[in-house]
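Next come a sequence and a model predicted from it.
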Amino acid sequence: MRLGALFGFGRTERLIHTVEEALTAVAEALPGFHAFDAAIADDGQAALTIDRRGRIALVRVDGARVRAREVQWPMLRLVEGGILVETRDRRLGTVLLNRLTAIDIRRLGMPPLMQREPAVIVDEPAALVTHA
C-alpha cells in the first residue's frame, strides 16, 4: 500500500481478481489486443492474457493503473513460487505470477471441461451371479 493511500489521499491500489477484470485491464492498457482468457496471479498483482491467435500479454498492476505488454512464450519460466515472466521492459521489469503453475498456463485459452454425469452402479442380473 502506498503512503498516500494510508492517509486517504489519491486513488486506492487496483487488483485483478477475475478473468473479466484482467480482460478489461489489458484492453485498457494495450488497445488492439483482444484477449478472451486469463490466468491471474494469486496476489492479484498480475495476469497473463491470451487472444484468439495465441498471442499472450502480461498485465501488471501499478498502483491505481495497469501496465501491459505483449510477451513471447519463451519469456515464461517456471520457478518455485509461480511463473516468472522476463519482459525485457524497464517499466514492467521481471514479473512473478504468484502461485501459478505450468498446468494453469497450459489451460490458458482452452475451453472448460464438460461436466460428466455421476456414474450409476447397476445390479448384475441374478443369472450372471454364481454362488460358491
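In hand now; what should we look at? This is a predicted model, so every value here is computed, not measured.

Quick one: mean pLDDT for the longest helix belonging to the chain?
Determined from DSSP state H, the single longest helix within the chain is helix 19-29. Averaging the model's pLDDT scores along helix 19-29 yields 96.

cool, and stretch 45-53?
For stretch 45-53, the mean confidence score works out to 96.

Counting neighbours, which bits of that stretch end up buried?
For stretch 45-53, the neighbour count (16 or more other CB atoms under 10 Å) marks 45, 46, 47, 48, 49, 50, 51 as buried. Every residue, glycine included, has its C-beta placed from N, CA and C.

Could you dump the residues you listed into JSON lines and include distance to residue 80 and secondary structure?
Formatted as JSON lines, the buried residues of stretch 45-53 follow (distance: CB to CB, whole Å; DSSP: H, G, I helix; E, B strand; the rest coil):
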{"residue": "45", "distance to residue 80": "18", "secondary structure": "coil"}
{"residue": "46", "distance to residue 80": "17", "secondary structure": "strand"}
{"residue": "47", "distance to residue 80": "20", "secondary structure": "strand"}
{"residue": "48", "distance to residue 80": "18", "secondary structure": "strand"}
{"residue": "49", "distance to residue 80": "24", "secondary structure": "strand"}
{"residue": "50", "distance to residue 80": "24", "secondary structure": "strand"}
{"residue": "51", "distance to residue 80": "29", "secondary structure": "strand"}
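
Between those, which sits nearest residue 96?
For these, the residue nearest residue 96 by CB to CB is residue 46; the value is 7.7 Å.

and that closest one, what are its bridge partners?
residue 60 (DSSP bridges).

Now for it: which residues touch it?
16, 40, 58, 59, 60, 61, 85, 95, 96, 97, 98 (CB atoms under 8 Å, 6 or more residues apart in numbering).

which residues does the last one form a beta bridge with?
Counting by DSSP bridges, residue 98 is bridged to residue 82.

if we can go back for a sec, any chance of the contacts of residue 46 in TSV with pLDDT as columns?
Converted to TSV, the contacts of residue 46 look like this (pLDDT from 0 to 100):
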residue	pLDDT
16	96
40	97
58	98
59	97
60	96
61	94
85	97
95	96
96	97
97	97
98	96
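
hmm, which of those residues are the buried ones?
Taking 16+ other CB under 10 Å as the criterion, what is buried in those is 16, 40, 58, 59, 60, 61, 85, 95, 96, 97.
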